[in-house]
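# structure for this input, please:
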Amino acid sequence: MKQWPPKYDQSYLPSPRSKYWNKDLETMDPEEREKKIILPKLKAQLKYAYEKSGLYRRKWDEAGIRPRDIRSLEDFEQIPFLTKEEIRQDQKEHPPFGSNLCVPLKDLARVQGTSGTTGKPTAFGISKGDMERIAEFHARAMWGFGLRQEDIVFIGSFFSLYWGSWGALIGVERLGAVAFPFGAGVPGQTERALEWMKEVKPTAFYGTPSYSLYIAEKAKEKGLDPAKDFNFRILFFSGEPGAGVPSTKKRIEETYGGICIDSGSTAEMAPWMSNCECGWRKGMHLWQDVVYAELVDPVTKRRVPYGKEGVTVYTHLERTSQPMIRFWAGDLSLWVNDPCPCGRTYPRLPKGIYGRADDMFVVRGENVYPSAIEDVIRGIEGFGDEYRIIITREKAMDEMIVQAEYRRGVAPEVIPTLKSKLESELKSRGLRSVVQMVEPDQLERTEFKARRVIDQRTLYDEIIKGD
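Model prediction:
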């Protein structure tokens with residue numbers, strides 16, 4: 001590493017025939033990468049954060065740790081985790097950005113934020129240099145799954161505080177492809193999207209998996225075939241675990257005739273595409289030289305070996321404005337370090353992120369992830385793309401109700417068979433549930449992150465307490 005933070009040549013582009021943005025770095029021996037790239041960046045990031053961030057200085061002083069104590073990646077495990085709640089509390093005490101803003105306001109280029117779906121929204125002040133580095137890496141990840149300068153990228157998600165749309169946009173622009181920032185969320189937007197897609201013929205799509213399937217549903221209602229009337233060869237996603245769910249990935253690819261790419265970590269960790277599949281789609285690569293990822297045991301808080309399951313912890317290696325260091329994202333996954341056919345030597349999440357920590361719920365002592373139910377429903381021919389999970393409590397006993405739409409055109413006599421098959425498949429996975437069949441188009445659609453779990457147990461508990 002010649003300097004920190006790194007400066008990237010904004011005019012650089014690989015040969016269109018190259019499958020790598022930076023072959024030497026992406027195919028480097030993992031141990032060599034850790035020694036020559038990751039550890040030097042990490043040491044520089046820690047030193048910078050201690051000097052510039054009141055949050056980390058207080059936190060690490062209290063833990064009795066100094067950046068000079070970290071001489072290896074094993075030593076790095078001594079650094080305490082950072083949680084969402086700590087960030088929120090720090091921003092409450094030091095509004096609006098908290099004491100972790102490491103640059104003066106004049107150096108900021110952008111204010112972004114979380115959606116606030118799991119609590120008070122978090123504000124992010126992003127420096128000009130960080131914006132360039134985020135764009136650089138997003139372009140690199142997009143190149144890895146096949147995006148090129150001749151592509152037209154339809155960006156079908158909200159342009160708001162939500163990071164996803166903006167990250168996709170600046171990455172596309174840095175790569176030199178054609179950005180089509182269509183957006184989402186405006187009344188009538190989906191109908192207009194169909195017209196524009198048919199007219200412009202964009203070759204790549206970005207949004208949430210739910211929205212892509214919703215668009216396809218509306219297209220079919222108008223007599224359009226998404227695979228023939230549109231022109232998508234690549235569809236890449238974040239915001240939901242759906243693109244990593246096998247049956248959903250298969251449904252998207254069959255619907256559009258393009259490849260489905262899973263990407264994304266969490267808003268705090270932009271560049272969020274530091275978890276991103278390559279064109280081979282063998283699971284998300286962890287591009288460790290930009291955002292250093294760990295999987296840790298949720299109980300012992302120790303890093304788990306490859307081949308094991310753990311929860312995600314992330315560390316920025318190039319961030320000057322609001323660095324996240326050992327940020328506890330807490331999403332469940334399994335990691336491996338076996339070779340990928342693409343030749344890249346990063347660890348991978350072969351099943352993607354299959355359990356969002358915020359989405360997991362417990363029914364009768366069993367941990368249940370909505371993605372497991374989604375995989376079952378979308379793997380059965382005859383069901384549509386929408387479902388709901390309702391958890392109730394009757395006389396202190398939890399009950400899980402799965403409402404699933406059957407597809408338009410399904411014969412009435414087939415519906416009981418579909419219901420029975422879904423019940424059986426869920427039971428085989430240990431998911432005790434009551435299945436309710438729902439007519440097509442009855443469940444609410446969304447152009448953003450789908451919220452399909454309705455937990456009514458709190459209401460029950462409040463009623464009992466009131467008695």
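# need the longest strand for this protein.
Using DSSP state E, we find that the single longest strand of the chain is strand 383-394.
# contact partners for the closest residue to Leu213 other than its chain neighbours?
Distances taken as C-beta to C-beta, 6 or more residues apart in numbering place Asp385 nearest to Leu213, at 4.2 Å, with adjacent residues excluded. In short, each C-beta sits where N, CA and C put it, glycine included. Shown in contact with Asp385 (C-beta atoms under 8 Å, 6 or more residues apart in numbering): 210, 213-214, 217, 251, 378, 405.
# what about Asp385, distance to Arg251?
Using C-beta to C-beta, to the nearest Å, Asp385 is found at 7 Å from Arg251.
# between these two, which contacts overlap?
In contact with both Asp385 and Arg251: 213, 378, using C-beta under 8 Å, 6+ apart.
# state the distance from the residue nearest to Leu213 to Pro121.
From Asp385 over to Pro121 (counting by C-beta to C-beta), the distance is 29 Å.
# then Arg302?
32 Å.
# and those two? which has more neighbours close in?
Pro121 (15 against 10; other C-beta atoms under 10 Å).
# next, count neighbours for Ala168.
Using other C-beta under 10 Å, Ala168 has 26 neighbouring residues.
# which ones are touching it?
Contacts of Ala168 by C-beta under 8 Å, 6+ apart are 138, 153, 155, 157, 206, 236.
# can you check Ala135 too?
By C-beta under 8 Å, 6+ apart, the contact list for Ala135 reads 170-171, 173-174.
# spatially nearest residue to Tyr20, not counting backbone neighbours?
Per C-beta to C-beta, 6+ apart, closest to Tyr20 is Glu26, 5.1 Å.
# please apply the same query to Ser99.
Ser99 sits nearest to Gly54 (C-beta to C-beta, 6+ apart), 3.5 Å away.
# the one you found contacts Cys102, correct?
No - if you go by C-beta atoms under 8 Å, Gly54 and Cys102 don't touch, sitting 9.4 Å apart.
# the more surrounded of those two?
Higher neighbour count among Gly54 and Cys102: Cys102, with 22 against 14, using other C-beta under 10 Å.
# sketch out the low-pLDDT regions of the stretch 201-350 of the chain for me.
Across the stretch 201-350 of the chain, nothing is flagged by pLDDT under 70.
# Glu253 - how many residues pack around it?
15.
# Pro16 contacts Asp151, correct?
No - in this structure, Pro16 is not within contact of Asp151 by C-beta under 8 Å, at 11.1 Å.
# who has more neighbours, these two?
Between Pro16 and Asp151, Asp151 has the larger neighbour count (other C-beta under 10 Å), namely 20 against 9.
# ok, that one to Arg451 distance?
For Asp151, the distance to Arg451 - C-beta to C-beta - is 31 Å.
# am I right that Ile79 is in contact with Ile70?
Yes - applying C-beta under 8 Å, one finds Ile79 in contact with Ile70, separated by 7.0 Å.
# anything in contact with each of those two?
Counting by C-beta under 8 Å, 6+ apart, the residues touching both Ile79 and Ile70 are Leu46.
# neighbour count winner among these two?
A count of neighbours by other C-beta under 10 Å puts Ile79 above the other of Ile79 and Ile70, at 22 against 19.
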